[in-house]
Each structure stands twice: as C-alpha cells, then as structure tokens.
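Trainee: what follows is a predicted structure for the sequence shown.
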Number of protein chains: 2
Amino acid sequence: MLPSEPDLAAKGSYGSEMLYSPADVATIVRFGLDHGVRVLPEIDSPAHTGSWAVAYPDIVTCANMFWWPAESEWADRLASEPGTGQLNPLNPNTYQVLKNVIGDAVALFPEPFYHAGGDEIIPGCWKADPAIQSFLSENGTLSQLLEKFVNSTFPYIVSLNRTVVYWEDILLDANVKVDPAIVSSSEFYYLDCGHGGFVGNDSQYDPPPTSGGGGNGGSWCGPFKTWQTIYNYDIAYGLTPAETKLVLGGEVALWSEQADPTVLDVRIWPRASAMAETLWSGNRDESGKKRYAEAMDRLHEWRHRMVNKGIKAEPLQPLWCIKNPGMCNTVHPST
Amino acid sequence: MLPSEPDLAAKGSYGSEMLYSPADVATIVRFGLDHGVRVLPEIDSPAHTGSWAVAYPDIVTCANMFWWPAESEWADRLASEPGTGQLNPLNPNTYQVLKNVIGDAVALFPEPFYHAGGDEIIPGCWKADPAIQSFLSENGTLSQLLEKFVNSTFPYIVSLNRTVVYWEDILLDANVKVDPAIVSSSEFYYLDCGHGGFVGNDSQYDPPPTSGGGGNGGSWCGPFKTWQTIYNYDIAYGLTPAETKLVLGGEVALWSEQADPTVLDVRIWPRASAMAETLWSGNRDESGKKRYAEAMDRLHEWRHRMVNKGIKAEPLQPLWCIKNPGMCNTVHPST
C-alpha cells in the first residue's frame, strides 16, 4: 500500500488481508537489520505488471489476455508465464505512476540499491496495443521502446541516490552497458524448481512414462536444486579473470510459483545456508579439494539448530547419521 | 516397545522419547480406522536390523561395521545404505526373538496382512560372520540361507492368520513363488527422492558443475517425483493382460531418509492424493486421454482444503491460478 499510489494495492491485490502497509514494511526492515539482514525491494517493470491494470488500465498492455493462445507461436504469445500485462512505454501516464511507486519504495527501504526489474519482457504483449502497433508500423523498433522505458526511469532512480539493479535481459536488449553482476542462475540458484510444472494441460505428459528417473520432473527448471548442486557451483566457472572481477556475488531466489507459508522454510533452509558458505569462504579446502563431505556434517548440525529455533529447515540425512558420526560417508573417517 | 521383547526398544531406540508404546499403537490404529485408514505393520527382516544388535548382539551379523569400506567392491560391502546389520539365519535364537516380535506386532495391528520385509539383503554382511563363513565353506549357498530364513518365519506368520507381504527381492532370491503384487516403484512412487543424496563424501560432486538442470540432482532415486510423474504412471504399463490381473494395487512410500516432522506433510500431500485418484478411477477420461489438466484444477483445490484442515500440503500453482481459473493452462478453456 504505497502512500502516493494507494489504488494500486487497494484495487490490484488479492484482498485487504494480503497487503503490506508502510508500517509492515518498516517492521520487516527493522527486524532484518536487528538480525543482520538487509532487505531490498524489487518492483518488476515493465513486465509482470498485470495487477497494475486494475487501477490504471490505460498504462498496461495486453492485461488479462490469455498468456499463450492456442495455435500461436512462442514469438507471438503475450507472456512467458501465466498472467499478462506490461507497462506501456509510449504512455506518459506510465512514468507518472512508476515514479510515484519508485519514490515511495525508495523511501521505505533505507538501502543504497533499488531493483527495477526488467524480467521477461515479451514483444507480443506490447504488440497487442494499438498505439504501439502504430509506432512499430512507422518504423519504430522494440529496442527503441525498451530504451525509452529505461531512459525514462534509470536516471530518476539514480537521482534518488540509489544504485539501480536490473535483470540481464533488459540491459542487453536496450543496449545499456552495466558491467558488475550478481549471479542468480536458474540452473543452480532457483529454489522453486523441481516440484513439477504449475502450468496445466501440458502435452509433455501425454506419452506413457517408462521411467521417472530422468529429465526435469515436469518443471521447466527442474530438477530440484539440491544443497549439493548449490554448494558445488562455482559462480565464476567459465569466466575470464577480468570477467570474474565484475561478479559482485550471488543470490538464491524463491519466486513463490509453488511456495507459500506451508513450504517457505523447507524450501529456503538449509539450501540458502549452503550458498552463503560458498560465497563467504568458498567450496574448497586449502588443497583445492571440494569439501562437501565436511560441509554435510556442518550443514546438518546447523539444520538441527535452526529447527530448535523454530525454523522448519528440511533434514539432509537420517537421524542415524547424526547419532553415528562419519558412518554415512562413502569413506570411513578412520581410513 | 513390544511386550515380549522390551529390550529391543529399550536398548535399540534413539531414546526413551522416541518409542511407540502398545497404547500409542492402539491410538494410531483407532484414529486411522475412525478416518477410513487401515494401518499395517512392516518390520523389516532379515536386513536393516542393526538396532536389534544392541539387545541381542549374537543374532545380528556385521552390526556396527562401516557400511561401505574404502577400497571394497559393491559385492563385498556390508549394506546398501549406511547402517549395517542382518539377522543371522543360522542362529536358533534369531527365530525365537523374531517370532516374539511377529506375535506382538500381529496382536497390535488388527489387519489381515503382515509385512515381513525382505528389503536390501546384502551377502557381504552375512559373509562377515564366522559361523556363516563355515557354512559357506562347506558348500552351503546364500540361497540356502535365504530359504532357511523364509521357511522359518513364513509358515509362522500364516499360522497367525495373516497374509504375508514381502519385498520382491527376497522372494526371487529364495525361490518363493508368490504372484500377486503391490506396485511401489522407486522410479515413480518414492516420495523421498530428489532432495539430494544423504551420503557424505560422494565423489559425484568432484567435477565442476556446468549445468544444474539435468541428472538426478545428487540423489540415487532423483529427481523428485512430481505429482504429474505419479499421476501419469500406469502401474500395469508393459505387463501382459495375465500379469496385469496379478497387480492388486500400488503404494507410495516415504522412507524418512530425509523426512521428519518438519517436512512430513509437504512430502506426502497432495502427491499421495494424486496416486489415490489414479488407482481409484484411472488417469484417463472416457476417450482414453490423460486428464492431468482437469486433475491439476481439482488437486489444487483439494490441496487448499487440506491446508484449511491444518495439513501442510504443498502448493502446486501460484495463487493467481486459483483466482483466474483456466488461465494457467496451455490452452484456454474457451478455445
């Protein structure tokens, strides 16, 4: 519930019990700081803004249209996941509302970073709008639309003394060059993955399955990213030394496609702890050897500490392994 | 805590707070029956009995030995998973204790079935015992040991008016012919799988990972069996009509290798519901088409009903899909 744009939440939320008030945000930010956690906002734009259309139908393209019409090709569809709507870069009202949103968010979160989004911008959604159709028919390009959008918001955020964070796609498409990177690979760092696709009526299930042991388990980013997958990932793998210097860090992400309070703790912990250790102290010992065996013991003990504090972190091993240290390794510690 | 063999639990359990008393069992059985659920016991034997050795060291072979010693081949190791110990089929005391256990269990569970186990019998564990070494050196065979074990317990269970259930392996190895089958495929019906291996110091993590999207996610039975994997499995797939007639049904299994109260609900539900529907009414509509799209809508609504009853079933879709029926399908319902 942003003070300058109260209608966005009042009209666009799922209900009055599913809003964060400014006081709620202040409580969360304060609670985080008291426990050594800094809370940053990401408000995605221009895509993923279908809910904005309830209050401001004129600034959103393709709102409430079906995301992937039958018989359409990928290039022509309106969204990459269900739920459609993108802010219209040609409408001046778009920037008035967006700047109010950014200004309020920056005031609520006392951190030097503001994440402006840029995720999953789909040309088809913009092309569904008559004004944008006219623009494109007069030799305008999609890149020009992106550049107009970024150039109308990026400098405003900078003027509020915030470092701007964007997803990589928009920067590449809009020809904006920003070098430093925070790694959040969907192949290694996405905590949602692996519990099945959430899209219904998916033809991948038509053939009779002969094996459940391979593939992605019915999820675009499957399988589940185990703590080992996360722990053993070297975020600079394959980069040159010059490129490696530009990597500021990494983040695991839980997008809540298949997460709500019932599974929040078990999806985040102890996998986020595994990533934290690799980014703080690396995943290798002094001789360069991966130290997942030692990490298993420490992580599982840490998991039990979290459970004792009321955090429902998932177990990594049977209780027997805790009661019999070293006996669950492939090699006995005494050999 | 079995009345005839109190030392097994008193000495072999993880602690006095981790025992089921006969009264606890009666409460569970009664609660199940009140809610339409029949509770059957499985007490595995002869393998997976390391905990019996604390009370009766003389009836268990290879107890407390390391499960997979360095430099040993698969055929020579002592267990297929950490934790070693198998009942000694040559020791008469074995059958005295085992019959007391079976008699008590049969009295506690008023069902016509008794599951006698037979899982993961490892020759190496028996071969570690001097008496069995002598038996084998005098031209005795492992099959004879298995047959002796089965022939000393199977008729006793039958005499207690129970139908005996065994895992397939022991029946094949002991030349016992029992045709009807309950399908519990590790490829489709194992609910533990996919959250990473629990064995430490596993060399599969040595090479630098270039992709987290493939493979088994570090788990022998990975990836996670999604509700779609379970729902779309035809348990008689590949069987002849004559073989299909012998399939009584199926069961999903949660072995608790990586499950305890923190994750119990989210691992079981709604995946067990998905299996239940396919076994009751099949996974195809009247035209023979897989009906996972319709099932997704029903299962997700059912999941929300379970959550409202206090069961922490995991979400299958974003809340947006509930609020926008049909819009998360690949094909719009109106097309």
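Mentor: Received it, and whenever you're ready, just let me know what you need.
Trainee: check the gap between the closest residue to residue A:61 other than its chain neighbours and chain B for me.
Mentor: Leaving aside its chain neighbours, residue A:61 sits nearest to residue A:129 (4.1 Å; criterion: CB to CB, 6 or more residues apart in numbering or on different chains). (C-beta placed from N, C-alpha, C; glycine too.) Plainly put, residue A:129 is 20 Å away from chain B if you go by CB to the nearest CB, to the nearest Å.
Trainee: for chain A, just list every one of the strands.
Mentor: Secondary structure of chain A (DSSP state E): strands located at A:60-61, A:86-87, A:113-115, A:163-165, A:181-183, A:247-250.
Trainee: which of those sits most buried?
Mentor: strand A:86-87 (a mean of 30; mean count of other CB atoms under 10 Å in any protein chain shown).
Trainee: just how off-centre is it within its chain?
Mentor: Here strand A:86-87 is found 18 Å from its chain centre; the criterion is CA atoms, centre = their mean, to the nearest Å.
Trainee: still on that earlier bit, would TSV of the strands of chain A with mean pLDDT and distance to residue A:47 be doable?
Mentor: Formatted as TSV, the strands of chain A follow (pLDDT from 0 to 100; distance: least, CB to CB, whole Å):
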stretch	mean pLDDT	distance to residue A:47
strand A:60-61	98	10
strand A:86-87	98	5
strand A:113-115	93	14
strand A:163-165	87	16
strand A:181-183	86	20
strand A:247-250	90	23
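Trainee: for chain A, what spans make up the helices?
Mentor: A:6-12, A:22-34, A:92-108, A:123-127, A:130-137, A:142-159, A:168-173, A:227-231, A:241-245, A:264-268, A:271-281, A:292-308, A:319-323 (DSSP state H).
Trainee: what about the second one, average pLDDT?
Mentor: On average, the pLDDT along helix A:22-34 is 97.
Trainee: show me what it is packed up against.
Mentor: helix A:92-108 (3 or more CB pairs under 8 Å, 6 or more residues apart in numbering or on different chains; DSSP states H and E).
Trainee: pull the helix it packs on out as PDB, backbone CA atoms only.
Mentor: The C-alpha trace of helix A:92-108 is given here as PDB (Å, rounded to 0.1, in the frame of the first residue of the first chain):
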ATOM      1  CA  PRO A  92       3.300   9.400 -20.400                       C
ATOM      2  CA  ASN A  93       1.000   8.400 -17.600                       C
ATOM      3  CA  THR A  94       3.100   5.200 -17.200                       C
ATOM      4  CA  TYR A  95       6.100   7.200 -16.000                       C
ATOM      5  CA  GLN A  96       4.000   9.400 -13.600                       C
ATOM      6  CA  VAL A  97       2.700   6.300 -11.800                       C
ATOM      7  CA  LEU A  98       6.000   4.500 -11.900                       C
ATOM      8  CA  LYS A  99       7.900   7.400 -10.500                       C
ATOM      9  CA  ASN A 100       5.500   7.600  -7.600                       C
ATOM     10  CA  VAL A 101       6.000   3.900  -7.000                       C
ATOM     11  CA  ILE A 102       9.700   4.200  -7.100                       C
ATOM     12  CA  GLY A 103       9.800   7.200  -4.900                       C
ATOM     13  CA  ASP A 104       7.700   5.500  -2.200                       C
ATOM     14  CA  ALA A 105       9.700   2.300  -2.400                       C
ATOM     15  CA  VAL A 106      13.000   4.100  -2.100                       C
ATOM     16  CA  ALA A 107      11.700   6.000   1.000                       C
ATOM     17  CA  LEU A 108      10.500   2.700   2.600                       C
END
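Trainee: pull out the buried residues from that helix.
Mentor: Residues A:94, A:95, A:97, A:98, A:99, A:101, A:102, A:103, A:104, A:105, A:106, A:108 are the ones in helix A:92-108 that count as buried (16 or more other CB atoms under 10 Å in any protein chain shown).
Trainee: give me the distance between the two termini of stretch A:279-288.
Mentor: The straight-line separation of the ends of stretch A:279-288 (CA to CA, to the nearest Å) is 15 Å.
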